[in-house]
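> what would the 3D arrangement of this be:
(chains A and B)
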Amino acid sequence: MHFGRLGVFIALAAASRAFGQTNLPDFGNLSLDQLANIKVTSFTNKEQKLSQVAGAVYVITKEQIARSGLTSVPELLRLAPGVDVARVNGNQWSISIRETVGVYSNKLLVLIDGRSIYSPVFSGVYWELGMPLLDDIERIEVIRGPGATIWGANAVLGVVNIITRNSGDTHGTTVTAGAGSSDRAFGSVTTGGSFGSTNYRGYFGGYDNEPLRTASGARADDGLSNVQGGFRLDGSHKRDTWTIEGDLFRTEENDTAENPSLAAQSVVYSPSQFTSLAANLTGEWRRRLGETGELRFSSYYDYANRPEPQAASVEARTWDAAVQYDFKAGHIHNLSVGGGERLITDKVSLGEITFFPDNLTYVNLNGFAQDEMHFVHDTLLFTAGAKLERNHFGGWGPEPSANLLWMPRKHHSLWISAARPLRTPSLFEIAVDAPFNFTPASPATGGLPVLGLFAGSPTFSTESVKDFEAGYRAQLSKAFSADVTGFYDQFSNIRSFVLGSPVFVPAPVPHLELTASTANGGAATGKGAESSIAWQVLPDWKLEGSYTFMLIDTWLTGTAPPGSLNGGGKEPSRNKWRLQSYVNLSKSWTLDGFLYWTSAGSPVTNYGQANVLIPAYTRFDIRLGYKVNRFFQLSLAGQNLLDARHIEASSELLTAYSYVNRSVYLKSTWQF
Amino acid sequence: MGGTAWRASTIALAAVLAMSLAAAGGAGTMASSDVETRIKAAFIYNFARFIEWPGRSGAGPVRIGILGHGELASPLEEVIRGKTANGRSIEVTHIGAATDMDCCEILVIEHSESKHVAEIVQSLAGKPVLTVCDGGNCVRDGVMVVFQIVEESVRFQINQQAAEHAGLKISSQLLKVAIPAEGRHQ
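Have a look, this model is predicted:
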């Protein structure tokens, strides 16, 4: 589905931000073959096409990825406006869009070439696991707001769509190698070509990261290293095009486990080490039907085993199949219909945390239809659609959306939208049983220590959001574009916890157990605004900036039973600035800078220990690129240059947080 | 960590940017440099080179007529500047409603005329004019060349039957680049 219409628009969109546009070649001098092979996506004016998307969309381009100097997919999301990115420790990130921040943020769907990496076990994304090589990414589309009508459940308030490069665009061999203070060592080999009309690419790569820091500056126990390999095949024949791709990952993770211990009468922090594995295989086949129709069939298998310090393995196997048909009916209607199934097997090996059931296989089903109607010479677009989805835990649920877009003038568009996306329960919220905190004996506890338990509940059900948005996007001159979006969200049935009565347990030492079970007793509102600009100041100097503001208020509804808990309340407003500067110093030298400021974080609900208030921080990165010749490039990058270290996020369940420290690295790229 | 100073400078920078936004908005020139239309214009120039018109192989320019309003005119004027086709100069003329449409070797039907394509094609039946249209729906109206985006590239379909009927000879080099014909009959 990522290759769908929106995808194309967004692809077109990405282009205007590429460099050197002012010096387009004289196409009249090109051969017929050359003309026919120019990818419009790599040139075409973004705003013109993006102007047809009634939503808040941002595209992180290949060029931005290379020039940002950032070294991982989660860090790259800092480049997009409206995304809350915070690094919790060496292998965990808290990434969210328009929702409460946290490692267990659950309203953002993440896809790699249409394959969901949103974990069905815990409702969220393991950002350190299963990411493509940055050099192989064509673009990252970041959609703020609901995407459930097209992408389904859990695309509640955001979608991150990572699109890898077509193997037809990556012929030849690329070798990269680098070393630095935090990115201790990294490298990759990619080679591609074609046989007949089929293009191929194969790659192998890896990295070894230094741990982050503790408050005192010592090395934390959170090193991360990874090896991965994979391939992509792209072919076409007459009306058909197809893609097959797959990857394997082996990631060694170090973590500091937080375990409440009766024996030690406290929460015990202990270093732990585990190996995560991931594998996937994706196939997609597309056929043009008639002049305007396209039929698409896609299927994937995804395996992820990302243990926790408290569970030796947490496996999720997903087999997904989907079909979609896009066609035009008359001059007005652009229709998309489709459906799919997803077969999921979750399996958890029990340790200090237990699951009941610990092994479950289930099927989710969905069907959808959407109509994009064009009126008044394509200057007025109305789109309405709905997805009907059956989730094993939540039952059937509709996910409707509608939007209206008006282009009063060329390069100007105004839009409004409304949608009702759903967030479906994960196995964790249904089945987990985990000790998460410890209160020492005191008169208040009746002279007994208290062990807090976190428990899933079989009755936990789907959360829903009513989302309303409006936006304005304009290309004000050849060199300057800007957009602004406002949103208002009403959250219903969101996760709360019900505290049970204390239970006396005599062994191993006499103590009380207090269980907090999941329930749907919460409600919230979220509102805010996001704006961004892109300005080609000079032919060789480009600036991009954004500002986002958000308020969120969470409370318990009247139907929540007494003794309910729900983290949040009225959070302080969240403000974020970002500014990127790209300068071409000469044909071979580039100098790029990145400034990122975020206001103090709200106290994250940290179930295991006291809440930590995250102070505001400013991040400044710089990258110097040097193209030695047409085969060889060097880059030197410095990150978090303003302070020795800072904290970005608190931890949540089971693991500890670390401080992010200043770093530098040198990277070389050899292409032939 | 110097956070306050940096916060202040960030805000200052943002204020500067906001002011520039206002300034740029005032200047607001609307020049369109859409690459897609420039590629199409370059193809049209190539049609002049790779097609033979009956009885007109002698002197005189290759005339490209533009009917209606759309985005192709200005990139087309740009791309033919200083160029020739097989030794002949090339001219771009705008065609008013009253002008005879068969004044030209190539007739480009712009977006504003998309509703009248069938009538235009009918009025040119059998005349040696290559009709070119931008967009999917004119294929069934009998236009000879129709641009389409295929695999993110600009490509075109050729209605060879209609072209031959009008006496035009299309070079095999052009046919090779065209979208294969099979999709046309659906």
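
> going by C-alpha atoms from here, please, whenever you check contacts or count neighbours.
Will do.

> dump stretch A:68-86 to CSV, restricted to CA.
In CSV, the C-alpha atoms belonging to stretch A:68-86 read as follows (Å, rounded to 0.1, in the frame of the first residue of the first chain):
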residue,chain,number,x,y,z
SER,A,68,22.2,15.0,8.4
GLY,A,69,25.0,12.8,9.6
LEU,A,70,22.6,10.9,11.8
THR,A,71,23.3,7.2,12.0
SER,A,72,20.0,5.4,12.8
VAL,A,73,16.4,5.5,11.7
PRO,A,74,15.0,6.6,15.0
GLU,A,75,17.4,9.5,15.2
LEU,A,76,16.6,10.5,11.6
LEU,A,77,13.0,11.1,12.7
ARG,A,78,14.2,14.2,14.4
LEU,A,79,14.4,15.8,11.0
ALA,A,80,10.6,15.6,10.6
PRO,A,81,8.4,18.3,12.3
GLY,A,82,6.0,17.1,15.0
VAL,A,83,7.8,13.9,15.9
ASP,A,84,8.9,13.5,19.6
VAL,A,85,12.2,11.7,19.5
ALA,A,86,14.0,11.0,22.7
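
> would it count as contacting chain B?
No - for stretch A:68-86, no contact with chain B is found by Cα under 8 Å from any Cα of the partner chain; the gap never falls below 14.2 Å.

> low-confidence ranges, chain B, go.
B:1-34, B:56-59, B:97-99, B:101, B:135-137, B:151-152, B:181-186 (pLDDT under 70).

> sheet-wise, list the partners of the longest strand along chain B with their directions.
Using DSSP state E to define each element, chain B has its longest strand at strand B:88-95. Paired neighbours of strand B:88-95 in the sheet (DSSP bridges): strand B:62-67 (parallel), strand B:84-85 (antiparallel).

> how about these, which one is nearest residue A:328?
Proximity to residue A:328 (Cα to Cα) singles out strand B:62-67 among the strands paired with strand B:88-95, at 25.8 Å.

> residues in contact with that closest one?
B:48, B:73, B:85, B:88-96, B:101, B:103-110, B:113 (Cα atoms under 8 Å, 6 or more residues apart in numbering or on different chains).

> in terms of helices and strands, where is residue B:47?
Per DSSP states H and E, residue B:47 falls inside helix B:35-50.

> quick one on the thing from earlier: which of the strands paired with strand B:88-95 sits most buried?
strand B:62-67 (a mean of 23; mean count of other Cα atoms under 10 Å in any protein chain shown).

> list the contacts for residue A:403?
A:54, A:382, A:383, A:384, A:415, A:416, A:417, A:418.

> tell me what it is bridged to.
Bridge pairing for residue A:403 - DSSP bridges - gives residue A:383, residue A:417.

> what is the neighbour count of residue A:153?
Look at residue A:153: counted by other Cα atoms under 10 Å in any protein chain shown, it has 28 neighbours.

> and what of residue A:226?
21.

> distance check, it against residue A:555.
To residue A:555, residue A:226 is 41 Å away according to Cα to Cα, to the nearest Å.

> same thing with residue A:283?
In terms of Cα to Cα, residue A:283 sits 44 Å off from residue A:555.

> can you check residue A:365 too?
32 Å.

> quick revisit: show the buried residues in the contacts of strand B:62-67.
Buried by 16 or more other Cα atoms under 10 Å in any protein chain shown: B:48, B:73, B:85, B:88-93, B:95, B:101, B:104-110, out of those.

> where does the stretch 401-550 of chain A have low pLDDT?
Counting by pLDDT under 70, the stretch 401-550 of chain A shows no low-confidence range.

> and for residue A:320, nearest residue in space, chain neighbours not counted?
In space, and not counting its chain neighbours, residue A:320 is closest to residue A:342: 4.3 Å by Cα to Cα, 6 or more residues apart in numbering or on different chains.
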